[in-house]
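> With the sequence up front, the predicted model follows.
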Amino acid sequence: MTSLLEVRNLKIWDSRTEKIIVPASTFQLTKGSCLAIVGESGSGKSVTCKAIMRLNNSSLQQTGEIWFKGENLNTLSEKQMRKKRGKQLCLIIQNGMSAFDPSCLIGVFAREVLTQHFDWGRKKIEEEMINAMESVLLQEPSKIMRKYPHQLSGGMLQRIMIALAIVLKPEIIIADEPTTALDVISQYEVLEQFKKLRETLGCSMIFVSHDLGVVKKIADEVLVMKDGEIVERGSTKAVFLAPKHEYTRFLVSTRLAVSEHFNHVMKGDAVLAER
Ligand SMILES: Nc1ncnc2c1ncn2[C@@H]1O[C@H](COP(=O)(O)OP(=O)(O)OP(=O)(O)O)[C@@H](O)[C@H]1O
């Protein structure tokens, strides 16, 4: 299997305190596959994603190699990286609102992003965006384009980000807890759109989540992180069926306990509904 992205010995530390956040991560993203990164809060999932995009806060330093199509992203200039972001590597973050410019109408924001990568006129951009927004089931896309981010829900903003990705057609999408801030129904809908996005674009994906239920639905492979280190890796099926590391066993058992509780509650609801 060919890897599209190869991260070797990625080290991330805080230059102000010298605290090492990620000591030495090595992993690959197989072409066309979805790699989930799971782990508890603070285990280093987000800083790893941002390191690939070279978007960490300037106080965080990073060394190591990030190979993507014959280039080590860690050695590229900011200008070269800017060309890769969006068109080749796309990051979708947890809080949709902060990904947008609050003072900018959605349509204007989309135009600014797309004109950086395509030689398209205003009309073509609008057509492409409207088609993509319709495909992620956003109703009345023209109206949405004339709204500000704060006038839309978190689920809608995430779907607009997915629509933008559909137009940009990146080779890698990095989604950092994209459904976490949403209510359960929007979580389900947005996850379905992510699955569709993979099917339509055939792109590769890194999907960060602390929700193993979500991971099971979307990922082919899983990396488990704890305190900045990768403690387990393997196919989603293998990791769920026979977790090797104690910490993964803990994560899987907690997940099972939560879903049993959920089923129990749902059954209770069903009994109540029958009455
Ligand atoms: N800009 C920063 N400066 C200094 N330390 C940081 C910075 N960003 C993150 N950290 C630290 O790095 C560690 C890993 O953070 P990170 O956000 O990657 O965790 P995470 O696994 O994504 O957690 P969560 O699920 O809560 O998002 C934490 O201890 C955090 O405090």
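Yep, that arrived. Residues are numbered from 1 along each chain as shown.

> Check what pLDDT Lys83 gets.
Per-residue confidence at Lys83 stands at 88 (pLDDT).

> With Ile93 instead?
pLDDT recorded at Ile93 is 82.

> hey, what's the closest residue to it other than its chain neighbours bridged with?
Ranked by Cβ to Cβ, 6 or more residues apart in numbering and with sequence neighbours excluded, the top spatial neighbour of Ile93 is Asp176, at 5.1 Å. In this view, the C-beta of every residue, glycine as well, is placed from N, C-alpha and C. When bridges are called by DSSP bridges, Asp176 pairs up with Val208.

> Which pLDDT value does the model give Asp176?
90.

> what's it in contact with, if anything?
Asp176 makes contact with Lys45, Ser46, Cys49, Leu91, Ile92, Ile93, Gln94, Val208 under the criterion Cβ atoms under 8 Å, 6 or more residues apart in numbering.

> Repeat the analysis, applying 6 Å as the threshold.
Applying Cβ atoms under 6 Å, 6 or more residues apart in numbering, we find Asp176 in contact with Ser46, Cys49, Ile93, Gln94, Val208.

> Same question for Ser186.
Gly155.

> One more pass at 7 Å, please.
Ser186 makes contact with Gly154, Gly155, according to Cβ atoms under 7 Å, 6 or more residues apart in numbering.

> Met205: which element?
strand 204-208 (DSSP states H and E).

> mind exporting the helix or strand following that strand as PDB, just the C-alpha atoms?
Scanning forward in sequence from strand 204-208 by DSSP H and E, the next helix or strand is helix 212-218. Provided in PDB are the C-alpha atoms of helix 212-218 (Å, rounded to 0.1, in the frame of the first residue of the first chain):
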ATOM      1  CA  LEU A 212     -14.800   5.700  19.400                       C
ATOM      2  CA  GLY A 213     -18.300   5.200  18.000                       C
ATOM      3  CA  VAL A 214     -17.500   7.900  15.400                       C
ATOM      4  CA  VAL A 215     -14.100   6.300  14.600                       C
ATOM      5  CA  LYS A 216     -15.600   2.900  14.100                       C
ATOM      6  CA  LYS A 217     -18.000   4.400  11.500                       C
ATOM      7  CA  ILE A 218     -15.500   6.300   9.400                       C
END
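
> May I see the buried residues of helix 212-218?
Within helix 212-218, the residues scored as buried using 16 or more other Cβ atoms under 10 Å are Leu212, Val214, Val215, Lys216, Lys217, Ile218.

> can you pull the contacts of the second one?
Contact partners of Val214, counting by Cβ under 7 Å, 6+ apart, are Thr179, Leu191.

> what separates it from the ligand, distance-wise?
13 Å (Cβ to the nearest ligand atom, to the nearest Å).

> What confidence value was assigned to that residue?
So, for Val214, pLDDT stands at 86.

> Any stretches of the chain with poor pLDDT?
1, 96-97, 255-275 (pLDDT under 70).

> those helices in it, which residues are they?
45-53, 78-84, 96-99, 106-117, 122-135, 141-145, 154-168, 184-201, 212-218, 236-241, 246-274 (DSSP state H).

> buried ones in the fifth one?
Applying a neighbour-count criterion of 16+ other Cβ under 10 Å, one finds Ile125, Glu126, Glu128, Met129, Ile130, Ala132, Met133, Ser135 buried in helix 122-135.

> How about the fourth one?
Of all the residues in helix 106-117, those buried under the rule 16+ other Cβ under 10 Å are Ile106, Gly107, Phe109, Ala110, Arg111, Val113, Leu114, His117.

> returning to what we had before: distance to Leu191 added to the buried residues of helix 122-135, as JSON lines?
Listed next are the buried residues of helix 122-135 as JSON lines, based on distance: Cβ to Cβ, whole Å:
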{"residue": "Ile125", "distance to Leu191": "27"}
{"residue": "Glu126", "distance to Leu191": "28"}
{"residue": "Glu128", "distance to Leu191": "24"}
{"residue": "Met129", "distance to Leu191": "22"}
{"residue": "Ile130", "distance to Leu191": "23"}
{"residue": "Ala132", "distance to Leu191": "18"}
{"residue": "Met133", "distance to Leu191": "18"}
{"residue": "Ser135", "distance to Leu191": "16"}
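
> Fine, thanks again, bye for now.
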